[in-house]
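Asker: Generate coordinates for the sequence data below:
(one chain, ligands or ions: 1)
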Amino acid sequence: MDSRSVAHHIEDSDHQAMAHRLYTLVFPLDSDNNRVLLGLKKRGFGCNKFNGFGGKVEATETIAEGAVRELVEESGLVATSMQNCGLLLFYFENDPVAMEVHVYLAHTYEGTVIESDEMRPQWFDIHDMPFSQMWADDSRWWPFVLRGEKFVGQFWLKADQATITREHLYAVESLGFV
Ligand SMILES: Nc1[nH]c(=O)nc2c1ncn2[C@H]1C[C@H](O)[C@@H](COP(=O)(O)OP(=O)(O)OP(=O)(O)O)O1
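Answerer: Below is the predicted model of the structure:
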């Protein structure tokens, strides 16, 4: 078990017994203009979907460090303040490894937005998200972001990566789990 995982604080024993792979997902916000930066994924997992910026957390870094690293690699932006706003757990049919995704909002950042090999960045109105081109769960939990609520979501997905068969989504006071 990865000692950085926090999933055991919310999972039942069956799900705790699964291996968990840690990921980050960062959404840079432009609050003055009610915009969020998304990227169109150009390759690999989630190809052709818009999403925030993120990826696997490496063994040598903290989750927050991984979030900053993936953001700069994929968008060119260096986050100068980030807030952990959500925890997402994905259980795919026929996959013994759970995805544990730590979601962050980047309120301030430096640098210039650039297209990377992996992502084509584009700004969107926070109230007009391209949900039809995003992961199916995003439209469920994005309203928590708009309300300024921290959230925990567990989603069970079919192998088609599109069909949600079960979900458990709720607001939490803190993601500290101490
Ligand atoms: N159902 C889902 N809803 C969502 O909003 N984001 C999801 C999601 N499932 C996965 N993600 C995010 C988490 C993470 O930011 C990204 C997947 O990470 P990647 O596979 O791109 O990782 P890496 O960039 O480390 O991969 P490689 O560069 O191929 O090693 O997709």
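Asker: Can I get the longest helix seen in the chain in CSV, CA atoms only?
Answerer: For the chain, the longest helix by residue count, based on DSSP state H, is helix 63-75. Extracted in CSV, the C-alpha atoms of helix 63-75 (Å, rounded to 0.1, in the frame of the first residue of the first chain):
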residue,chain,number,x,y,z
ILE,A,63,1.2,14.4,-4.1
ALA,A,64,1.3,18.2,-4.1
GLU,A,65,4.8,18.2,-5.8
GLY,A,66,3.4,15.8,-8.4
ALA,A,67,0.5,18.2,-9.0
VAL,A,68,2.9,21.1,-9.6
ARG,A,69,5.2,19.1,-11.8
GLU,A,70,2.5,17.7,-14.1
LEU,A,71,0.9,21.1,-14.4
VAL,A,72,4.1,22.7,-15.7
GLU,A,73,4.9,19.7,-17.9
GLU,A,74,1.5,19.7,-19.6
SER,A,75,0.5,23.4,-19.7
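Asker: what's in contact with that helix?
Answerer: 4, 22, 24-26, 28, 37, 39, 53-58, 61, 77-79, 82, 84, 102, 104, 106, 109, 111, 113-114, 116, 118-119, 121 (C-beta atoms under 8 Å, 6 or more residues apart in numbering). All C-beta atoms are positioned from the backbone trio N, CA, C, and that covers glycine.
Asker: Leaving out the residues flanking it, which one is nearest to the spatially most central residue of the chain?
Answerer: For the chain, the residue sitting closest to the mean C-alpha position, by C-alpha atoms, centre = their mean, is L25 at 3.1 Å. Leaving aside its sequence neighbours, L25 sits nearest to G54 (C-beta to C-beta, 6 or more residues apart in numbering; 4.0 Å).
Asker: pretty sure the one you found contacts M99?
Answerer: No - G54 is beyond contact range of M99, at 11.1 Å (criterion: C-beta atoms under 8 Å).
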